[in-house]
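A.B. asks: Turn this into a structure:
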Amino acid sequence: MNSVYYIDGEFVAAEEARIPASDLAILRGYGVFDFMRTYGGQPFHLEQHIARLFRSAEQIMLDMPWKPDEIKAIVLETLERNDHAESNVRIVVTGGDSIDYITPSGEPRLLVLVYPAMPPAADYYTEGAKIITVREERYLPGAKTINYIPAIRALKQAKAQNAIEAIYTDAAGRVLEGTTTNLFAFYDGVLVTPGEGILNGITRGAVLDLVKDVFPLEIRDILLDDLYQADEVFITASNKQVMAIVQVNDRTIGAGVPGELTKRVMAMFTEMAAEIARAAPKAKIVFSS
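C.D. replies: Predicted coordinates:
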């Protein structure tokens, strides 16, 4: 199924999407992005994702010549120009052109990439998944930048060990977050998630809102040794939603199967997503090419 992208002011077929080689995103990895998926064709928490995009840009001192509502309108129109059952949406702001190959000298570029949602295999949810840990801390963890070299290296290690994700740990032995996920653990019915040195995921926030009146919550550090002792563990992300973790490195978590509390969180999130999809308008606007 062909996709239509928005590239620096134009809607183009995905295979025709281009930006100049002089853009600082290519030359220096200077740029920010945000990522979400749709339910019923509607982007999940679009305003929150755009707000985070602006916070990310501010942290790396990247100018944003657009208003949030302008980006929202572009995202929605790009979605309308596609016809996927459900979509992934990636908003990218590049550093723009540079005369000296390091100093911004042109306007940033806005890209909106819409392509079919590709959910993980079903058995990750029914049987649980494995994660590994790597000694790594993200630069500016509150900013979602396009510099993903540490993440790509970590994910290669995870793949080599048949794991779906790699979780960063710091020098103090704290577990922080995954390359693209946030981490949660249950201890005696109390749900715990790290709160410092991480990117506060939009899905993470949605889960916290869902469970705040259901489980006792603690936002605090989790040491790796303590993670091994958790009753249940799960991760959250836009493209993974809520996924049970049954193994961390070579250690089995709990009984080695998705726990009942985690399955309850998964069911709550699934129902919320279904409600969003049911409420989504079905009619699509037709734009002239």
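
A.B. asks: Low-confidence stretches in the stretch 101-250 of the chain?
C.D. replies: For the stretch 101-250 of the chain, applying pLDDT under 70 flags no range at all.

A.B. asks: how about the strands of it, start to end?
C.D. replies: 110-116, 129-135, 165-169, 174-178, 182-187, 190-193, 217-219, 222-223, 232-237, 241-248 (DSSP state E, counting those that start in this stretch).

A.B. asks: Ok, which of the ones you listed comes nearest residue 155?
C.D. replies: Counting by CB to CB, residue 155 lies closest to strand 165-169 out of those; the figure is 5.9 Å. C-beta here means a position set from N, CA and C on the backbone, and glycine is covered the same way.

A.B. asks: Send me the closest one as PDB with only the CA atoms.
C.D. replies: Extracted C-alpha coordinates of strand 165-169, given in PDB (Å, rounded to 0.1, in the frame of the first residue of the first chain):
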ATOM      1  CA  GLU A 165      14.000  -4.300  23.700                       C
ATOM      2  CA  ALA A 166      17.000  -3.000  25.500                       C
ATOM      3  CA  ILE A 167      16.700  -1.000  28.800                       C
ATOM      4  CA  TYR A 168      19.200   1.600  29.700                       C
ATOM      5  CA  THR A 169      20.900   1.500  33.100                       C
END
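
A.B. asks: I'd like to know which elements it is packed against.
C.D. replies: strand 129-135, helix 149-160, strand 174-178 (3 or more CB pairs under 8 Å, 6 or more residues apart in numbering; DSSP states H and E).

A.B. asks: can I get those in JSON lines with distance to residue 120 and mean neighbour count?
C.D. replies: JSON lines is the format used below for the helices and strands packed on strand 165-169 (distance: least, CB to CB, whole Å; neighbours: other CB atoms under 10 Å):
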{"stretch": "strand 129-135", "distance to residue 120": "8", "mean neighbour count": "20"}
{"stretch": "helix 149-160", "distance to residue 120": "13", "mean neighbour count": "14"}
{"stretch": "strand 174-178", "distance to residue 120": "13", "mean neighbour count": "24"}
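
A.B. asks: Between the ones you listed, which one is closest to residue 13.
C.D. replies: Nearest to residue 13, of the helices and strands packed on strand 165-169 and by CB to CB, is helix 149-160 at 26.9 Å.

A.B. asks: pull the CA atoms of that closest one into CSV?
C.D. replies: C-alpha atoms of helix 149-160 as CSV (Å, rounded to 0.1, in the frame of the first residue of the first chain):
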residue,chain,number,x,y,z
ILE,A,149,23.1,5.7,17.6
PRO,A,150,23.1,4.4,21.2
ALA,A,151,19.6,3.0,20.6
ILE,A,152,20.5,1.2,17.3
ARG,A,153,23.6,-0.3,19.0
ALA,A,154,21.5,-1.4,22.0
LEU,A,155,18.8,-2.9,19.8
LYS,A,156,21.4,-4.9,17.8
GLN,A,157,22.5,-6.4,21.1
ALA,A,158,18.9,-7.1,22.0
LYS,A,159,18.2,-8.9,18.7
ALA,A,160,21.3,-11.0,19.1
